[in-house]
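Novice: Sequence first, predicted coordinates after that:
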Amino acid sequence: MTTIDLGLPGLGGLAGVPTSDEKQSAKDYKSDQEVRWCPGCGDYAVLAAVQGFMPQLGLRRENIVFVSGIGCSSRFPYYMNTYGMHSIHGRAPAIATGLATARPDLSVWVVTGDGDALSIGGNHLIHSLRRNVNLKILLFNNRIYGLTKGQYSPTSETGKVTKSTPMGSLDNPFNPVSLALGAEATFVARALDSDRKQLTDVLRAAAEHRGTALVEIYQNCPIFNDGAFDVLKEPGERERRLVPLRHGEPIRFGANGEYGVVRDAEGGLSVAEITEANAGSVVVHDATREDPSYAFALSRLGGQDLAHTVTGVFRSVQRPTYDDLARAQVEQAKASKRADLRSLLHGNDTWTVIG
Amino acid sequence: MSVSVGNGASPTGSGVRRLDRVVIRFAGDSGDGMQLTGDRFTSEAAAFGNDLATLPNFPAEIRAPQGTLPGVSSFQLHFADYDILTPGDRPDVLVAMNPAALKANIGDLPAGGTLIVNTDEFTKRNLTKVGYDTNPLEDESLAAYQVHQVAMATLTKGALEETGLSKKDAERAKNMFALGLLSWMYNRPTEGTERFLREKFARKPDIAEANVLAFRAGWNYGETTEAFAVTYEVSPAKLAPGTYRQITGNTALAYGIVAAGQLSELPVLLGTYPITPASDILHELAKHKNFNVLTLQAEDEIAGIGAALGASFGGALGVTSTSGPGIALKSETIGLAVMTELPLVVLDIQRGGPSTGLPTKTEQADLLQAMFGRNGEAPVPIVAPQSPADCFDAALEAARIALTYRTPVLLLSDGYIANGSEPWLIPDVDTLPDLRVSFATEPNAPDGSGEFWPYLRDPETLARPWAVPGTPGLQHRIGGLEKSDGKGGISYDPENHDRMVRLRQAKVDGISVPDLTVDDPSGAAKVLVLGWGSTFGPVGAACRRVRKNGMAIAQAHLRHLNPFPANLGEVLARYERVVVPEMNLGQLALLVRAKYLVDAISYTKVAGLPFKAEELEGVFTDIVRGVTA
């Protein structure tokens, strides 16, 4: 997958963030803190990808902030040599909203997990997507609660046997991409922890997007849910399950491109074996479609069983961001009315008592 | 005192009597516009130069069923020619717009009081609705009062006949008729109200004119009928020299926040969620974006404070506003602010609780929640305003503490002062405190390593440096996990935790707070009344009455609830008895008993309304007599 240049008008996601002339390397983004995830945790790969990709943005490190909630993934800010806040469970998008609104010169990143973002913090997640604050949300989805030692999560497949569900979990999981699209997110993508190149490409596209970008990252928990995504990594399996999206290209996959995504009779999308007869009906991916139902239909091609898993950028559209608009109102008010504290305090009706 | 023959009432000839003070209560259906009527009369009194205090009282429902007791809305106004402290215990004049308003309020009108009734609403159906078997206007039940029966709706409709307005629309202006009548009775200026009506209904000039006509009709009715033998005059009050305006507590709080932003030269970000009775703070601040104030109406209480804290991390003055149920939801984030040691102002406009409680009624029962309502040892400074106008100073004080000590601060107002109003001696902007802060700009490691230690404290204030993102070389990570003293990395070390818990406590304990002053004019008091927050008015009025009766009593009122003023223990020890009146079940009493081992007498009431001066007078008198007996 190549870098996506959608050729869209308007400000980029990093406009207003000061750049650095210094040559940076991944090492510059490593903090002095010892990384304490379990051996083999997928978080290491994501951390390495982020630290490796950050120098490409060419930003001043001090203008980058990572905000997280609670959970294994939320330790992430401690390991980044940027500004950071490890906050409380589920609330990172709210805190980041205030920060990003107050400070247009910062590149603000939220690191969260499936429990943090979709259970306790579900409300903040959908509302930040709705507002389209200029935030980048990295949602590490391992389909399990790791830090509390192995309970099922809101993305665990139905019937999951865990410590808290010895007879199997009962509730239907969220598909984070569908959820984000339902909230009319302007940028939604998915990547795998093990695919460094795709992950980097998606992160870069997210960084350059102005607005809330949600990136779901499938991440393996080797302790409590090991191998959850193995079928997407095993040679022979992955080719017929992974459906990578490339903007402007027909959606084809399989070892020899023998499968594709086509419009079905009802107008929806489905996966089909591509023959000469239907080759013309393969959908050409367009992440910039205003109507979110197309991207939503793509997100529904994959179910809990990972029979098909669509990755890449589902949707990337331009919509004014909340923080830009909020600051513009302040500027407009400042331009039209002087900040005269004395006159504010006096108001229109005063009376004077002579001593 | 009553209006007709009260102390201080003196005939001035030509049917005008001079009074030193009057309490008027307007009462009607929640749709009758009683709050607006009261507000306008208040503005007239303010414009005239009276001292005043108000008590709006309305149901939580926007429109409770029409004509029923739960739907009654009232507005009480006390105005005088001297400085007064409360909206008055009982009205001298009751304006009842319907039978429900009469029934709900007549018990408060003392014998001899004036009752003005809108007779049009006294229909059989309306009377039955509130349980009157016979019409009280026709039986002897109101014999103790001076009753004026006025067909306000009919007279209003008559006055508006030629405007072409529908009867229904015309009748809606009857509250302005009542206002006009009362304005005539008390010789109030009228220009302000006419100007107000024209501005309020600028887009509907016919409605504006109708209201002005109704207002004048009420005035003329008073002048031309012979039903009212006299009018009354309350001279301007001799208040301290200066320029005044009328202000409600919530407006004063909002202005205090605007001023704090200006004085600290920081942008303000209010992150909040609408809740009664705090929403007006959001409404007010949303109007003042030109002062670099950004208001963010969040998805919930937690997001509101989260956004405020995020903004504080970014170097803004983060503020959140709410009431008790919202504080419950914000508790975890307040704890995070304690841990991350960032400035944050939390405005709690208390209301009746627990749970949803009494949303539109007042109470002081969040003190212990403010003090202790978080997991772990999470000390938070607390300040409380004592009156509507005092909210301005209290907001500045909360901001000062938050910015100086890098801590969340809780400000405890309540529904009574939030919606009540009084004259405010507008401060000279040049005399307001300097709240400027300095951000960290350089590495500070004492070991010369060139590192930045985010938890290295100022030796005097124990505040940690405020290093905002964007500052080169000071990249650091904060969060809810315990941090090592100084260096600020994650630390699970037992001794470090013990030290950090004590340091956070010591920082709050060490906040510089002015000494408590005691009001004891005779110097002979053996009983001290210790209050906090909105009880200042009734407590002060009761103390005046006790003294007027020849007894000595001392009054002290706490602005700072955490930490307490350093001299509080010494002050308490000076008196034989200490009485603590509160609109809760004794929360401050519990704190002073625990901290100072003083056998304080707790006097409490949680009726959703402020104390009455008369009631406290009785309580204080008994205690003073008990001590001297």
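Specialist: Looks like it came in fine.
Novice: what's the neighbour count on A:Asp349?
Specialist: 14 (other CB atoms under 10 Å in any protein chain shown). All C-beta atoms are positioned from the backbone trio N, CA, C, and that covers glycine.
Novice: likewise A:Ser343?
Specialist: So A:Ser343, with other CB under 10 Å, has 12 neighbours.
Novice: what do you get for the one 3 residues further on?
Specialist: Under the neighbour criterion other CB under 10 Å, A:His346 is assigned a count of 15.
Novice: quick one: it and B:Ser438, what's the gap?
Specialist: Distance, A:His346 to B:Ser438, using CB to CB, to the nearest Å: 31 Å.
Novice: List the contacts of the residue of the stretch 1-150 of chain B found nearest chain A.
Specialist: Nearest residue of the stretch 1-150 of chain B to chain A (CB to the nearest CB) works out as B:Gly49 at 5.3 Å. For B:Gly49, the contacting residues are A:Trp351, A:Val353, B:Pro236, B:Ala237, B:Leu239, B:Tyr244, by CB atoms under 8 Å, 6 or more residues apart in numbering or on different chains.
Novice: Pick the one among those closest to B:Ser166.
Specialist: A:Trp351 (38.8 Å; CB to CB).
Novice: bridging residues for that closest one?
Specialist: Legend: beta-bridge partners of A:Trp351 under DSSP bridges are B:Tyr244.
Novice: close enough to count as contact, it and B:Tyr244?
Specialist: Yes. Counting by CB atoms under 8 Å, A:Trp351 touches B:Tyr244, with 5.5 Å between them.
Novice: any residues in contact with both of these two?
Specialist: With CB under 8 Å, 6+ apart as the test, A:Trp351 and B:Tyr244 both reach B:Ala46, B:Gly49.
Novice: Among these two, which residue is more densely surrounded?
Specialist: B:Tyr244 (24 against 17).
Novice: ok so, going back, would you convert the contacts of B:Gly49 into CSV that also reports pLDDT?
Specialist: Shown next, in CSV, are the contacts of B:Gly49 (pLDDT from 0 to 100):
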residue, pLDDT
A:Trp351, 88
A:Val353, 87
B:Pro236, 90
B:Ala237, 89
B:Leu239, 88
B:Tyr244, 94
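Novice: Remind me what the helix or strand bottoming out on mean pLDDT in chain A packs against, helices and strands.
Specialist: Ranked by mean pLDDT, DSSP states H and E, the weakest helix or strand in chain A is strand A:351-353, scoring a mean of 88. Judged by 3 or more CB pairs under 8 Å, 6 or more residues apart in numbering or on different chains; DSSP states H and E, strand A:351-353 is in contact with helix B:34-48, strand B:242-248.
Novice: Pick the most buried one from the ones you listed.
Specialist: helix B:34-48 (a mean of 23; mean count of other CB atoms under 10 Å in any protein chain shown).
Novice: Just the C-alpha atoms of that one, please, in PDB.
Specialist: Extracted in PDB, the C-alpha atoms of helix B:34-48 (Å, rounded to 0.1, in the frame of the first residue of the first chain):
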ATOM      1  CA  MET B  34     -43.600  35.800  37.800                       C
ATOM      2  CA  GLN B  35     -39.800  35.500  37.600                       C
ATOM      3  CA  LEU B  36     -39.700  38.200  34.900                       C
ATOM      4  CA  THR B  37     -42.100  40.400  36.900                       C
ATOM      5  CA  GLY B  38     -39.900  40.100  40.000                       C
ATOM      6  CA  ASP B  39     -36.700  40.700  38.000                       C
ATOM      7  CA  ARG B  40     -38.200  43.900  36.600                       C
ATOM      8  CA  PHE B  41     -39.300  45.200  39.900                       C
ATOM      9  CA  THR B  42     -35.800  44.400  41.200                       C
ATOM     10  CA  SER B  43     -34.200  46.400  38.500                       C
ATOM     11  CA  GLU B  44     -36.500  49.300  39.300                       C
ATOM     12  CA  ALA B  45     -35.500  49.100  42.900                       C
ATOM     13  CA  ALA B  46     -31.900  48.900  42.000                       C
ATOM     14  CA  ALA B  47     -32.100  51.800  39.600                       C
ATOM     15  CA  PHE B  48     -33.800  53.800  42.300                       C
END
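Novice: Now do the same for B:Ser4: its pLDDT.
Specialist: pLDDT, B:Ser4: 34.
Novice: cool, the one 5 residues further on as well?
Specialist: For B:Ala9, the pLDDT comes out at 38.
Novice: dump the residue contacts of the nearest residue to B:Gly71 once chain neighbours are set aside.
Specialist: Leaving aside its sequence neighbours, B:Gly71 sits nearest to B:Ala64 (CB to CB, 6 or more residues apart in numbering or on different chains; 3.4 Å). Contacts for B:Ala64 were tallied using CB under 8 Å, 6+ apart; they are B:Ser30, B:Pro70, B:Gly71.
Novice: For the nearest residue to B:Val437 once chain neighbours are set aside, pull up the helix or strand it's in.
Specialist: With sequence-adjacent residues excluded and distances taken as CB to CB, 6+ apart, B:Val437 is closest to B:Leu403, at 5.0 Å. Element membership for B:Leu403 (DSSP states H and E) is helix B:390-405.
Novice: Over to A:Val67?
Specialist: strand A:64-68.
Novice: so, in contact with chain B or not, that strand?
Specialist: Yes. Using CB under 8 Å from any CB of the partner chain, strand A:64-68 reaches chain B at A:Ile64, A:Val65, A:Val67, A:Ser68.
Novice: Run me through the strand neighbours of the next helix or strand after that strand, direction for each.
Specialist: Counting by DSSP H and E, the next helix or strand C-terminal to strand A:64-68 is strand A:83-86. Strand A:83-86 pairs in its sheet with strand A:64-68 (parallel), strand B:477-479 (parallel), by DSSP bridges.
Novice: Could you report the distance from the residue of the stretch 51-200 of chain B found nearest chain A to B:Phe48?
Specialist: Here the residue of the stretch 51-200 of chain B nearest chain A is B:Gly192; by CB to the nearest CB that distance is 6.9 Å. Counting by CB to CB, the separation of B:Gly192 from B:Phe48 is 9 Å.
Novice: Tell me the one of the contacts of B:Gly49 nearest B:Gly470?
Specialist: B:Tyr244 (43.3 Å).
Novice: Double-check the closest one against A:Ile354; I have them as touching.
Specialist: No. Distance between B:Tyr244 and A:Ile354: 11.7 Å, which falls outside the contact criterion (CB under 8 Å).
Novice: Could you check how many residues crowd around B:Lys595?
Specialist: 12.
Novice: Name the SS class of the residue lying closest to it once chain neighbours are set aside, please.
Specialist: Leaving out its chain neighbours, the residue that sits closest to B:Lys595 by CB to CB, 6+ apart is B:Phe564, at 7.1 Å. Recorded secondary structure, B:Phe564: coil (DSSP: H, G, I helix; E, B strand; the rest coil).
Novice: In chain B, where is pLDDT below threshold?
Specialist: Along chain B, segments meeting pLDDT under 70 span B:1-14, B:629.
Novice: in it, which residue is closest to the centre?
Specialist: Ranked by distance to the mean C-alpha position of chain B (CA atoms, centre = their mean), the top residue is B:Ile417 at 1.2 Å.
Novice: what about that one, helix or strand, and which?
Specialist: helix B:415-419.
Novice: elements contacting that helix?
Specialist: Identification of packing neighbours for helix B:415-419 by 3+ CB pairs under 8 Å, 6+ apart yields helix B:249-264, strand B:344-350.
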